[in-house]
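J.: no FASTA, just this:
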């Protein structure tokens, strides 16, 4: 976002007077919202599978402008080619701020020291959509079996940051829970990642809800790594009603995460400017009802 250069703006007394009058009027305007609020489309995954166009229309009607995809298969997004999907988004006034596609071991050719064609296409197609972030939302177990392999994979992350940067984007990694519960050489995976990834090349998309199943607390993580979380997943958690995990996601503000406080702290010290809402469990409500409520909560909080 461009900032006004006051030295060039206030050149004469007349201009200064005009500026003062403008400031007087703007003092009564509605407060400016903080950052970019979007929705991870995995939140409405069944709806996006059945009727992607109709589902996106509903999101636009709710007031969403930014979305984050979770479906990229055979160079198609929800069944659309990159150019087709870009037109769908443009026609609805939506923007694909980022997208989730797992970068696996198969995407790096160690013998050639280069990315596979399939991963290069992933980055190319993300650029066609106008994404700002290409995010890997997890990693395979085979990549975190031993310390040296894991460190090498972090080097590949940094290289992917360079690849994305060439197209005006950033590479990111989105955590689940194992990054906080698993250790190598006595050190949490998340801590190894944070000291191994170049902050200029790799964005850490902190999911403030997922980490609870790994035994971490979101407020503590934000405090531990100030300035490292420009893009976060805003999520809340309650005790799970079933399944293998202790917690499941819920409407923002209704769980144990203290999502409002975490988001405020991330804005203040975490460098956060992109807030992606995600809810994967719904407690008897429909996914669409939930994401509508979640957006209303974020607006209430000033985002």
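T.: Cool, the structure landed. The model shown is predicted, which means the values in this text are computed figures rather than measured ones. Numbers count the residues shown, from 1 in each chain.

J.: mind listing the helices for the stretch 101-250 of the chain?
T.: Assigned helices in the stretch 101-250 of the chain, in chain order: 117-129, 147-165, 178-181, 189-196, 218-224 (criterion: DSSP state H, counting those that start in this stretch).

J.: now the third one: buried residues?
T.: By that I understand helix 178-181. Neighbour counts over helix 178-181 (16 or more other Cβ atoms under 10 Å) mark 178, 179, 180 as buried. Where C-beta positions appear, they are placed from N, C-alpha and C, glycine not excepted.

J.: ok, the first one touching residue 214?
T.: Yes. At 6.3 Å, residue 178 counts as touching residue 214 under the criterion of Cβ atoms under 8 Å.

J.: just for the chain, where's the confidence low?
T.: Flagging of the chain using pLDDT under 70 yields the residue ranges 1-33.

J.: please, where are all the strands along it?
T.: Secondary structure of the chain (DSSP state E): strands at 36-40, 66-69, 95-100, 108-109, 114-115, 133-136, 170-174, 183-184, 187-188, 202-207, 231-234, 236-239, 247-250, 274-277.

J.: is it possible to export these to TSV including mean neighbour count and distance to residue 266?
T.: What follows is those, written out as TSV (neighbours: other Cβ atoms under 10 Å; distance: least, Cβ to Cβ, whole Å):
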stretch	mean neighbour count	distance to residue 266
strand 36-40	23	13
strand 66-69	24	17
strand 95-100	23	16
strand 108-109	16	31
strand 114-115	16	31
strand 133-136	24	16
strand 170-174	24	15
strand 183-184	15	25
strand 187-188	14	20
strand 202-207	25	7
strand 231-234	27	6
strand 236-239	20	14
strand 247-250	24	18
strand 274-277	24	8
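
J.: need the ones you listed in CSV (columns: distance to residue 159).
T.: Putting these into CSV (distance: least, Cβ to Cβ, whole Å) gives the following:
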stretch, distance to residue 159
strand 36-40, 26
strand 66-69, 23
strand 95-100, 19
strand 108-109, 8
strand 114-115, 8
strand 133-136, 13
strand 170-174, 9
strand 183-184, 21
strand 187-188, 23
strand 202-207, 10
strand 231-234, 20
strand 236-239, 34
strand 247-250, 32
strand 274-277, 23
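
J.: and the buried residues of helix 178-181, which is closest to residue 260?
T.: Sorting the buried residues of helix 178-181 by distance to residue 260 puts residue 180 at the head of the list, at 21.9 Å, by Cβ to Cβ.
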